[in-house]
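Q: give the three-dimensional model of this entry:
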Amino acid sequence: MGLMDIVKGAIAGTAEVMMVTKGADILINRHTEFNMLLLNKNLKKYTDNIIKQYVLNSGEERLTEENAALLKLAILYSIAEQEDNKQMQALLGDSITKLKNALGDKISPSIYLQVLGQTGL
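A: Just a heads-up that it's a prediction; the model follows:
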């Protein structure tokens, strides 16, 4: 495997993660009251980078849009929790619950348990 093959693989992986995170934004907008389009650009970029690092570090072959959407909401929930923003916590908590109910078995058990452990929801 040459250097160019490694570079092509890295670019393809990054492009796939970007597509999944965009799809996750659409799922969040469709199933919850939380609007990802209005989210601060830096905060959105931050959540996308965390999702990307999760994919790279977890060794999970394919992250679905459903799992990425739930992870994004959990990340945003923990940020609101750190800032002690009760209103945002309530909105994101409701969004996590609605997304879980809407997507049901499309969410992997490991992601479900991670979100439950991180947020208590």
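Q: any idea which residue sits dead centre in this structure?
A: In the chain, the residue lying closest to the centroid (C-alpha atoms, centre = their mean) is Lys72, at 2.8 Å.
Q: ok, Lys100 touching Leu70?
A: Yes. Shown here, Lys100 and Leu70 form a contact pair, counting by C-beta atoms under 8 Å, at 7.1 Å. Using the backbone N, CA and C atoms, a C-beta is placed for each residue, glycine as well.
Q: the more surrounded of these two?
A: Ranked by neighbour count (other C-beta atoms under 10 Å), Lys100 and Leu70 place Leu70 first, with 27 against 18.
Q: which strand or helix spans the more buried one?
A: Assessed by DSSP states H and E, Leu70 sits inside helix 65-82.
Q: what does the average pLDDT come to for that helix?
A: Mean pLDDT, helix 65-82: 94.
Q: next one: stretch 40-51
A: Stretch 40-51 comes out at a mean pLDDT of 92.
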